[in-house]
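Visitor: compute the structure for the input listed below.
(chains A and B)
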Amino acid sequence: NAGVTQTPKFRVLKTGQSMTLLCAQDMNHEYMYWYRQDPGMGLRLIHYSVGEGTTAKGEVPDGYNVSRLKKQNFLLGLESAAPSQTSVYFCASSYLGRAGEAFFGQGTRLTVV
Amino acid sequence: AQKVTQAQTEISVVEKEDVTLDCVYETRDTTYYLFWYKQPPSGELVFLIRRNSFDEQNEISGRYSWNFQKSTSSFNFTITASQVVDSAVYFCALIAGGGADGLTFGKGTHLIIQP
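Guide: I've put the predicted structure just below:
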């Protein structure tokens, strides 16, 4: 049972490049989330989805886009990476009836140079 | 808007000591849920506990215990007889209302247990 899987685990980008982070969950969870973690800042919500085909902005959505074409996948895109997007990105999912009791992926460490 | 404050940035204790991690929250919703997550040095986030706003009973799970007090908007976490394996960053978090719009996290407390 894989739980929540993030791809890739590490990536270095040059300023202006684009990339997509993939999150896949095999627990049939309705809710999915993308957070970023920066030193001393805790985790901050970027975007979230309450079901297939739906997405919404979180606390820090600027510079990111997301899509949830399939219930099990939640993609996070950076169209033009900036050094300020250097961070560790976590995907999470949770069951409709247990919001907040989230299962997290292993994280993606992204460096933008 | 919700807010979670963990005033202790870092705590260092010697193994076998008891330690309490503080968490203070703010929300205007009457229905909310509080959480603690653990992030060990390996980096993953591990769910520890979920408590709803209508249940102020303290909870104990082995060496872990949680004290929820609505009167002071606090949800503190105590580790009894700490062990080196408890070394981690601990996050307190909040979800309010329906809960679909994600967790609001505190900034975390880095707990160091020295042997």
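Visitor: low-confidence ranges, chain B, go.
Guide: B:98-99 (pLDDT under 70).
Visitor: err, chain A, not the other one
Guide: A:1.
Visitor: mind listing the strands for it?
Guide: Taking DSSP state E to define them, one finds strands in chain A at A:4-7, A:10-13, A:19-25, A:31-38, A:42-49, A:56-57, A:64-67, A:73-78, A:87-94, A:103-104, A:108-112.
Visitor: need the ones you listed in CSV (columns: distance to B:Asn76 and mean neighbour count).
Guide: Where C-beta positions appear, they are placed from N, C-alpha and C, glycine not excepted. Shown next, in CSV, are the strands of chain A (distance: least, Cβ to Cβ, whole Å; neighbours: other Cβ atoms under 10 Å in any protein chain shown):
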stretch, distance to B:Asn76, mean neighbour count
strand A:4-7, 29, 18
strand A:10-13, 36, 14
strand A:19-25, 31, 19
strand A:31-38, 23, 24
strand A:42-49, 17, 23
strand A:56-57, 32, 14
strand A:64-67, 34, 18
strand A:73-78, 33, 20
strand A:87-94, 24, 24
strand A:103-104, 23, 20
strand A:108-112, 31, 18
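Visitor: any chance of these in TSV, with distance to chain B too?
Guide: Shown next, in TSV, are those (distance: least, Cβ to the nearest Cβ, whole Å):
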stretch	distance to chain B
strand A:4-7	10
strand A:10-13	12
strand A:19-25	14
strand A:31-38	5
strand A:42-49	4
strand A:56-57	7
strand A:64-67	13
strand A:73-78	12
strand A:87-94	7
strand A:103-104	4
strand A:108-112	9
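Visitor: now the ones you listed as a markdown table including distance to B:Ala88?
Guide: Putting the strands of chain A into a markdown table (distance: least, Cβ to Cβ, whole Å) gives the following:
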| stretch | distance to B:Ala88 |
| --- | --- |
| strand A:4-7 | 19 |
| strand A:10-13 | 22 |
| strand A:19-25 | 23 |
| strand A:31-38 | 14 |
| strand A:42-49 | 14 |
| strand A:56-57 | 30 |
| strand A:64-67 | 28 |
| strand A:73-78 | 26 |
| strand A:87-94 | 15 |
| strand A:103-104 | 14 |
| strand A:108-112 | 18 |
